[in-house]
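1. what follows is a predicted protein model with its sequence.
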Amino acid sequence: MHAEPLPLIFLNAAIVNNFVLALFLGICPFLGVSAKKETAWNMGLATMFVMLVSSASAYGINWLLTQLGLEFLRLICYIAVIASAVQLVEMFVKKTSPALFRSLGIFLPLITTNCAILGLALFQTAKEYDFVQSLVYALGAGAGFTLALMLMAGLREKLALARVPDVSQGAALSLMLAGLLSLAFMGFAGLGGGHG
Amino acid sequence: MAEANQDGAKPTASTPLLTQEETLTADTFIRGLWKENPVFVMLLGMCPTLAVTNSTINALGMGLSTTFVLVFSGILVSLLRHWIPKQVRIASYIVIIATFVTLVDYAIQAISLELYSALGAFIQLIVVNCVILGRAESYASKQRVLPTIVNSLGTGVGFTLALLALGTVREILGQGTLLGIPLFGPDFQPWLVMILPPGGFFVLGAWLLLFNWRRLRLERRAKQSTGVLADAR
């Protein structure tokens, strides 16, 4: 895995094994914050930032724990770092843009429980990426997450104007849409490297 | 959608704020199965729900692991509820949950390597399953130990049932088997997309459609019967 070229890692994380549509990570914000394009875009950026920070820290932590022979503490340490990173972003957003802070609402602190981020940290450990590879992987995952969120938000903005049967209103329709998007993304399978 | 998720995160909106400690009743258990079903009603814990339900056995393994973590983290949170400072409660809950997930992770690795590799990273990702954090925040942190155990068990069983509902359908349609046993003859052409990622979205969407349809029909019927009553008067 060490020889894997960087563009391929990026492409793999962003499109082929898209975190949301192929690996089912981060579905909650994907369904929750995708009602408007602007919010979706900001959410994507915030998530990407947290991903970069936690990916870099996870690399350091993993190295330290391996040195000490304490691998069983990995999960607990990762989640603690992610929670702190999210806290950081939350304070930053609150300070710089209170409007954005309000529109993201509860989903900002919930980035902590976004499985895409913990998943990213776990995958990069499992794949034994080095530091630069980890960062590129995080960037790709963030870009893929933002892409999926934006696509979904665009579709849902259009859908808000359409008349749909009562029975399919809400979550059911969103899930069907997500299924179609996921189907489309499967077309990229085989473009770059194996699964997972 | 957004509301549903917010309810989960701030459960005061979906469950009446429990100011006093709840007495143990059958409802403590049962409401987790249906009225507050984590997947179908509250739309929590979507990621494992969709990711590991491509076969019945994976769904069962995931459901049981989650139930285990749910119950034991509930016990610990409930025992420590007077000692955990309010400001750091979420972080404390996450650490407690992560501890039990680590236990489950190693236990499954020891019991069945096959299941472990099938579930992959999703066992460790139980940490960030909002169902568990939601229960810790909205129930375990306010209640005594015994009701907490029962309520967590109810939620866990409800979660497991939902996973099974997806897992069975996807396995039958996608592979033509149930628990690995072929159901149809050799001529059966498996509906492959069902065990692939899009299938997860489609099957969950279909279940939600079904529940929506039922709810609307009940509402309409209720409205009709009250209308008839009003006419009679």
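-> Looks like it came in fine. Numbers count the residues shown, from 1 in each chain, chains lettered A, B, ... in the order given.

2. can you pull the poorly scored residue ranges out of chain A?
-> When residues are selected by pLDDT under 70, those of chain A lie in A:1-3, A:105-107, A:190-196.

3. what do you get if the cut-off is 90, keeping everything else the same?
-> A:1-140, A:144, A:148-149, A:151-196 (pLDDT under 90).

4. what's the answer for chain B, then?
-> B:1-62, B:77-98, B:105-106, B:108-155, B:158-159, B:161-233.

5. quick one: residue B:33 and residue B:156 touch, right?
-> No. Residue B:33 is not in contact with residue B:156 according to Cβ atoms under 8 Å; the separation is 10.1 Å. No exception for glycine: its C-beta is placed from N, CA and C like everyone else's.

6. neighbour count: those two, which is higher?
-> More crowded of residue B:33 and residue B:156, by other Cβ atoms under 10 Å in any protein chain shown: residue B:156, with 25 against 16.

7. right, and the secondary structure at the more buried one would be what?
-> Under DSSP: H, G, I helix; E, B strand; the rest coil, residue B:156 falls in the helix class.

8. tell me who's in contact with the nearest residue to it once chain neighbours are set aside.
-> Leaving aside its chain neighbours, residue B:156 sits nearest to residue B:67 (2.9 Å; criterion: Cβ to Cβ, 6 or more residues apart in numbering or on different chains). Residue B:67 sits next to B:152, B:153, B:156, B:157, B:159, B:160 when contact means Cβ atoms under 8 Å, 6 or more residues apart in numbering or on different chains.

9. from the residues you listed, which is closest to chain A?
-> residue B:159 (14.8 Å; Cβ to the nearest Cβ).

10. check contacts around that closest one.
-> With Cβ under 8 Å, 6+ apart, residue B:159 has these contacts: B:37, B:38, B:39, B:45, B:63, B:66, B:67, B:70, B:131.

11. after the helix or strand in which it is found comes which helix or strand?
-> Element membership for residue B:159, per DSSP states H and E: helix B:145-175. The helix or strand immediately downstream of helix B:145-175 is strand B:177-178, counting by DSSP H and E.

12. give the pairing partners of the next helix-or-strand element following that following strand; include direction for each.
-> Sequence-wise, the next helix or strand downstream of strand B:177-178 (DSSP H and E) is strand B:181-182. Applying DSSP bridges, strand B:181-182 is found paired with strand B:177-178 (antiparallel).

13. and the strand it pairs with, how far out from the chain middle?
-> 23 Å (Cα atoms, centre = their mean, to the nearest Å).

14. do stretch B:53-73 as well
-> Put simply, stretch B:53-73 sits 9 Å off its chain's centre (Cα atoms, centre = their mean).

15. and stretch A:182-192, by the same measure?
-> Remark: stretch A:182-192 is offset 18 Å from the chain centroid, using Cα atoms, centre = their mean.

16. nearest spatial neighbour of the residue positioned nearest the centre of chain B, skipping sequence neighbours?
-> Nearest residue to the geometric centre of chain B (Cα atoms, centre = their mean): residue B:159, 2.7 Å. Nearest non-adjacent residue to residue B:159, counting by Cβ to Cβ, 6+ apart: residue B:38, 5.0 Å away.

17. give me the element the one you found is part of.
-> Under the criterion of DSSP H and E, residue B:38 resides outside all helices and strands.

18. for residue B:135, same thing?
-> In this structure, residue B:135 is located in helix B:130-135 according to DSSP H and E.

19. what packs against that helix?
-> helix B:2-9, helix B:56-79, helix B:89-111, helix B:145-175 (3 or more Cβ pairs under 8 Å, 6 or more residues apart in numbering or on different chains; DSSP states H and E).

20. mind checking which helix or strand residue B:118 is in?
-> In the assignment (DSSP H and E), residue B:118 maps to helix B:113-119.

21. just residue B:200 next, same as before
-> helix B:197-232.

22. chain center to that helix: distance?
-> Remark: helix B:197-232 is offset 21 Å from the chain centroid, using Cα atoms, centre = their mean.
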